[in-house]
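> Build me a model:
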Amino acid sequence: MTVKNAFYAQSGGVTAVINASACGVLEAARRHPDKIGTVYAGHNGILGALREELIDTSKESAETIAALRYTPGGAFGSCRFKMSSIEDNEVQYQRLIEVFQAHNIGYFFYNGGGDSMDTAHKVSYYSKKMGYPITCIGVPKTVDNDLPATDTCPGFGSVAKYVATSIKEASLDIESMHETSTKVFIMEVMGRHAGWITAAAALAMEEENDPPHMLLFPEVDFCRESFLAKVQRIVEQHGYCVIVASEGTHYADGTFLSASRTTDAFGHVQLGGTAPILARMVKDSLGYKYHWAVLDYLQRSARHLASAVDVEQAYAVGSSAVEFALSGKNGVMATIVREENEGDEYVWSIGEAPLEMVANVEMKMPAHFIAPDGLHITEECRTYLQPLIQGEDLPPFKKGVPVFAKLEKHFVEKKLPAFDI
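Alright, predicted model coming up:
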């Protein structure tokens with residue numbers, strides 16, 4: 001029986017540890033040359049399959065593959081491209097299967113979030129319909145930490161560590177200058193509908209009144225009057241106020257503070273700019289001097305401050321995906337399971353969940369993780385978050401800056417006609 005090849009692709013916004021998952025997939029596959037032939041990586045995610053732009057990872061050295069573990073970004077290229085439903089655009093799925101068949105691909109490892117799990121689920125279903133069944137395994141990834149069925153999402157622990165560290169450092173700056181300078185500092189973080197990243201900022205606190213003093217979650221409707229009154233009370237009490245706001249902060253009618261008229265490839269309204277809008281409110285109504293920062297891509301690419309726990313989990317879901325496939329499993333996503341903690345130790349293992357359970361589902365912050373006033377986290381939330389940012393996993397440095405993997409990216413010769421996406 002001919003050994004089948006595999007296809008691996010990265011999808012959506014990248015993280016500081018998505019390449020650690022790629023490393024896990026590739027190193028696990030290389031341990032089974034009798035069961036998995038060549039692993040092809042999609043150039044720019046699923047677009048690489050549709051365009052038949054396949055990277056032959058077997059041409060990369062073992063050293064380069066190992067270096068992916070500490071390299072941020074998406075080494076093979078990612079994309080924001082949402083596959084249509086099978087009913088609306090069956091030809092896209094037909095094209096995927098044709099490409100897989102042309103290159104003897106029998107395994108599909110998709111490294112992404114909810115939309116990616118939906119695609120993997122549909123490919124698993126449609127490939128059977130076409131008579132060329134593909135084993136599809138999901139590899140979770142998202143800084144938003146909003147996938148169901150898993151204790152946490154690879155990528156989140158590192159962004160949480162970066163956000164908590166950044167606000168702790170910036171707060172010392174504001175505290176030292178507030179008497180004659182900035183009174184209010186606002187830091188904007190990612191999170192459209194789920195406030196996990198915002199919540200992680202609270203890990204900077206050592207004592208009750210430490211900054212950040214206020215957190216603005218997507219799960220809690222924003223009220224301008226209450227916000228300004230709270231800012232004024234905090235400044236009067238402490239001399240300064242430090243705020244962390246989600247990009248998804250919105251009014252009671254659902255309107256985002258920072259909503260623009262543009263949308264991304266998934267149809268989501270383009271966000272970004274909540275912090276300056278809040279700062280202007282403060283200035284216009286209270287007259288305080290302010291500064292703001294939008295962490296944007298810095299928070300999700302800061303591999304130099306990655307959580308060691310996050311790196312380990314990202315690698316584990318990648319390698320486990322391969323083991324799942326070889327054990328005969330199909331249509332599942334590797335998950336992280338929180339076991340009973342032994343003292344202060346965070347004990348976790350790898351589990352699995354059906355792709356259809358994960359596809360297109362957002363896991364928001366539960367109400368019991370948000371303080372009664374809606375502006376901070378509870379101790380239960382802190383207990384959940386704290387283990388996820390533990391440990392440091394530094395990349396190697398040369399001449400004072402990190403050294404990351406550089407792939408040669410050998411493309412496979414195309415066998416099919418061009419495809420119009």
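> any idea which residue of this structure is furthest from its center?
With distances taken from the mean C-alpha point of the chain and given as CA atoms, centre = their mean, the most distant residue is Thr180, at 39.0 Å.
> Tell me the secondary structure at that residue.
Assigned with DSSP: H, G, I helix; E, B strand; the rest coil, Thr180 falls in the coil class.
> and if you look at Gly374?
With three-state DSSP as the criterion, Gly374 reads coil.
> Arg192 contacts Thr249, doesn't it?
No: applying CB atoms under 8 Å, one finds Arg192 not in contact with Thr249, separated by 10.1 Å. Every C-beta, even on glycine, is put in place using the N, C-alpha and C of the backbone.
> what touches both of those two?
Overlap of the contact sets of Arg192 and Thr249 (by CB atoms under 8 Å, 6 or more residues apart in numbering) consists of Pro218.
> And the two? Which one has more around it.
The residue with more neighbours, out of Arg192 and Thr249 and counting by other CB atoms under 10 Å, is Thr249; that gives 25 against 17.
> I'd say the more buried one and Leu257 touch.
Yes: using CB under 8 Å, Thr249 is in contact with Leu257, at 5.1 Å.
> What segments of the stretch 201-350 of the chain are strands?
214-216, 241-246, 290-294, 332-338, 348-354 (DSSP state E, counting those that start in this stretch).
> And those: which comes nearest Asn145?
With CB to CB as the measure, strand 332-338 is the member of the strands of the stretch 201-350 of the chain nearest Asn145 (10.9 Å).
> Can you list the strands that that closest one pairs with?
Partners of strand 332-338 in the sheet, by DSSP bridges, are strand 135-140 (parallel), strand 348-354 (antiparallel).
> If we go by neighbour counts, what in the longest helix seen in the chain is buried?
When every helix of the chain is counted residue by residue (DSSP state H), the longest turns out to be helix 156-177. Within helix 156-177, the residues that count as buried by 16 or more other CB atoms under 10 Å are 156-168, 170-171, 174-175.
> Kindly export stretch 134-141 (C-alpha atoms) in CSV.
Once side chains and other backbone atoms are set aside, the C-alpha atoms of stretch 134-141 remain, and they are given as CSV (Å, rounded to 0.1, in the frame of the first residue of the first chain):
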residue,chain,number,x,y,z
ILE,A,134,-8.8,12.6,3.8
THR,A,135,-7.9,12.2,7.5
CYS,A,136,-8.5,15.7,8.9
ILE,A,137,-7.1,16.7,12.3
GLY,A,138,-7.4,20.2,13.8
VAL,A,139,-4.5,21.9,15.6
PRO,A,140,-5.8,24.7,17.8
LYS,A,141,-4.4,28.2,17.7
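> distance between that stretch and the chain's centre?
How far stretch 134-141 lies from its chain's middle: 16 Å, per CA atoms, centre = their mean, to the nearest Å.
> swap in stretch 185-198?
On CA atoms, centre = their mean, the centre of stretch 185-198 falls 13 Å from the chain's centre.
> Kindly check the end-to-end length of that stretch for me.
15 Å (CA to CA, to the nearest Å).
> And the average pLDDT for it is what?
When the per-residue pLDDT values of stretch 185-198 are averaged, the result is 97.
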